[in-house]
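Q: Fold the following and give me the result.
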Amino acid sequence: MRYKPHDYQKYATDFILSHPISAILLQMGLGKSVITLTAMKELFERGEISRALVIAPLRVARDTWPEEIRKWDHLQGLTYSVAVGPVEERRAALRREVQIHIINRENIAWMMESGLPLNYDMIVVDELSSFKSWQSKRFRALMRLRPFVSRIVGLTGTPTGNGLMDLFAEYRVLDLGERLGSFIGRYREAYFQPDKRNAYQFFTWKPRPGAEEEIYRKISDITVSMKSVDFLKMPECIMNTTKVRMDERERKQYETLKEELLLRVPRGTAPAPQGTVPAGALIDAKNAAALCGKLCQLANGACYSEDGTVARIHDRKLDALEDLIESANGHPVLIAYWYQHDIQRIRQRFPDVRVLRNSQDLTDWNKGKIQMAAIHPASAGHGLNLQQGGNTLIWFGLTWSLELYLQTNARLWRQGQKSETVTIHHIVTEGTIDEQILEALGRKDRTQESLIAAVKAQID
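A: Numbering: from 1, shown residues only. Below is the predicted model of the structure:
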């Protein structure tokens, strides 16, 4: 296919060419991969780089980057190998004499211990937000390689998925601490002040007055940011909230677990389907974090008990899902789920639901062969093009992660969507933690918008 870049794509490509360190904060659907590959092709031709490493989420590494290289005429001639799968396959891929090695982010630590030559001139980190934790193995492994590489590009549409604290590790990967510092303690001290605490320590921080603007100013010289709606004719995105209500008995169970951190489901509470625990299960939340997860599960209608089996509480969300599927009038729907017992119950109610797990599933969805599909945001949120298969997304269970939420929405609401509208439904159990999650996603998104606005590229 012939590549006809938009002005913003030319701008971003030129930015990469002129900046050895660059953060390209493009919202979903703006073509981060082809922009970066176009710059890489020119750098290879100029002789400025000879070998590059692309780090991406598993499915994006396996499917999206190779597909982009094969797709565009001007990228023909680029050689690459994909290092995913079993150890020996990864070793063989990294030994190949090609221009681009593509590896999934989970294997960076393994790669650094593999003993293989790592003489790269350029690193591309697709979904830079995956390196927001300065304590993670992948961050530490990449930091061992980073000082020996002259060029690096960080790509993401959600740089501050959980707030400005995320930027410390992301930009340290890029500039080795030049702009925001090399130590998380000093970064916190300079730009944040304590917010909430427990009896022993602070566990949340909020920006000091003026801190956001100062952070944005410091990173602006290596950052370019753009929003999809500014440069593309995007379909209208309709957000809908469908509320369900638990009955008095179910509400009492929810409140009991919330207040006492313990709930024994009495015999006869709800029918126990095959493979789940019968009534009488013990649900135990040992701390606040565990309680949050248990309440989310109860809002969805089922919960893992103390012995790992599933206690079924209600079918309110399944009933609402059935209504939404029926209202789609036979058009394809994509269902986002979080817990395994959610998808098990969904498939018990709707046996035709197909979970999108592999390349063939994605191909069949985009060809219109699947009427009801399901995805887990953590495994299918990044880089997958699903817009050709449908325009309706239903959130059966919500996630606290703004990054995964936005990325999952962008599987359908993106360039190439054939429909003029994309509808995103949220099934929310009234008076539960669901409402708090939806509100929190909105608060976090405002921080995200602030960053994007602050470093947004101005193109005439």
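
Q: domain ranges for this structure?
A: Domain ranges of the chain: 7-231, 236-243+316-430+443-449, 247-312, per automatic domain parsing.

Q: now the second one, how far from the chain's geometric center?
A: In terms of C-alpha atoms, centre = their mean, to the nearest Å, the centre of domain 236-243+316-430+443-449 is set 14 Å apart from its chain centre.

Q: What is the helix or strand harbouring Arg90 packed up against?
A: Counting by DSSP states H and E, the element that carries Arg90 is helix 87-95. The contact analysis (3 or more C-beta pairs under 8 Å, 6 or more residues apart in numbering; DSSP states H and E) places helix 87-95 against strand 80-83, strand 100-104, helix 108-113. C-beta coordinates here come from the backbone N, C-alpha and C atoms, glycine included.

Q: picking that back up, could the domains of the chain go into TSV alongside distance to Ile437, mean pLDDT and mean neighbour count?
A: Converted to TSV, the domains of the chain look like this (distance: least, C-beta to C-beta, whole Å; pLDDT from 0 to 100; neighbours: other C-beta atoms under 10 Å):
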stretch	distance to Ile437	mean pLDDT	mean neighbour count
domain 7-231	13	90	18
domain 236-243+316-430+443-449	5	86	19
domain 247-312	8	73	16
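
Q: Quick one: those as CSV, columns for distance to Gln436 too.
A: Below are these laid out as CSV (distance: least, C-beta to C-beta, whole Å):
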stretch, distance to Gln436
domain 7-231, 14
domain 236-243+316-430+443-449, 9
domain 247-312, 9
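
Q: Surely Ile433 is in contact with Leu295?
A: Yes: contact criterion C-beta atoms under 8 Å: Ile433 and Leu295 qualify, at 4.5 Å.

Q: and Arg2, what does it touch?
A: By C-beta atoms under 8 Å, 6 or more residues apart in numbering, the contact set of Arg2 is 72-74.

Q: on that earlier part again, okay, the angle between the helix holding Arg90 and strand 100-104?
A: Orientation of helix 87-95 against strand 100-104 (axes from the mean of the first three to the mean of the last three C-alpha atoms, to 10 degrees) gives an angle of 150 degrees.

Q: hang on, the earlier thing: just put the contacts of Arg2 in JSON lines and tack on secondary structure and distance to Leu155.
A: As requested, those are exported to JSON lines (DSSP: H, G, I helix; E, B strand; the rest coil; distance: C-beta to C-beta, whole Å):
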{"residue": "Trp72", "secondary structure": "coil", "distance to Leu155": "17"}
{"residue": "Asp73", "secondary structure": "helix", "distance to Leu155": "22"}
{"residue": "His74", "secondary structure": "helix", "distance to Leu155": "19"}
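
Q: Return the member of these nearest to Ser50.
A: Nearest to Ser50 out of these is His74 (C-beta to C-beta; 19.7 Å).

Q: Not counting sequence-adjacent ones, nearest residue to that closest one?
A: Spatial nearest neighbour of His74, excluding adjacent residues (C-beta to C-beta, 6 or more residues apart in numbering): Tyr3 at 5.2 Å.

Q: what about the one you found, helix or strand, and which?
A: Going by DSSP H and E, Tyr3 is not part of any helix or strand.

Q: Check what pLDDT it gets.
A: We have a pLDDT of 92 for Tyr3.

Q: Does it touch Asp73 like I think?
A: Yes: if you go by C-beta under 8 Å, Tyr3 and Asp73 touch, sitting 6.7 Å apart.

Q: Centroid-nearest residue for this protein?
A: Leu404 (3.3 Å; C-alpha atoms, centre = their mean).

Q: Next, that one: secondary structure please.
A: helix (DSSP: H, G, I helix; E, B strand; the rest coil).

Q: now it, nearest residue through space, not along the chain?
A: Pro377 (4.1 Å).

Q: Outside of the helix holding Arg90 itself, which residues are in contact with it?
A: For helix 87-95, contacts defined as C-beta under 8 Å, 6+ apart pick out 81-84, 101, 103, 107, 110-111, 114, 116.

Q: CA atoms only: put that helix into CSV for me.
A: The C-alpha trace of helix 87-95 is given here as CSV (Å, rounded to 0.1, in the frame of the first residue of the first chain):
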residue,chain,number,x,y,z
VAL,A,87,13.5,-19.6,24.4
GLU,A,88,15.2,-21.3,21.5
GLU,A,89,13.0,-19.4,19.0
ARG,A,90,13.8,-16.1,20.7
ARG,A,91,17.5,-16.9,20.6
ALA,A,92,17.4,-17.8,16.9
ALA,A,93,15.5,-14.6,16.2
LEU,A,94,18.0,-12.4,18.0
ARG,A,95,20.9,-14.1,16.3
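
Q: Check the offset of that helix from the chain's centre.
A: For helix 87-95, the distance to the chain centre is 27 Å (C-alpha atoms, centre = their mean).

Q: Show me what the helix or strand that contains Leu362 is packed against.
A: Per DSSP H and E, Leu362 falls inside helix 359-366. In this structure, helix 359-366 packs against strand 354-355, with contacts taken as 3+ C-beta pairs under 8 Å, 6+ apart.

Q: and the strand it packs on, what other elements does it pack with?
A: helix 359-366, strand 372-375.

Q: could you dump those to JSON lines with distance to Glu45?
A: Converted to JSON lines, those look like this (distance: least, C-beta to C-beta, whole Å):
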{"stretch": "helix 359-366", "distance to Glu45": "31"}
{"stretch": "strand 372-375", "distance to Glu45": "38"}
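
Q: between these, which gets nearest to Gly185?
A: Comparing the helices and strands packed on strand 354-355 under C-beta to C-beta, the one sitting nearest is strand 372-375, at 38.1 Å.

Q: what's downstream of the closest one, the next helix or strand?
A: Strand 372-375 is succeeded, C-terminally, by helix 377-380 (DSSP H and E).

Q: just the strands in the stretch 1-150 of the chain please.
A: Secondary structure of the stretch 1-150 of the chain, counting by DSSP state E, counting those that start in this stretch: strands at 21-26, 52-56, 80-83, 100-104, 122-126.

Q: quick one, which of these is nearest to Leu318?
A: Nearest to Leu318, of all those, is strand 100-104, at 34.0 Å by C-beta to C-beta.

Q: mind checking the end-to-end distance for stretch 347-359?
A: By C-alpha to C-alpha, to the nearest Å, the extent of stretch 347-359 from end to end equals 21 Å.
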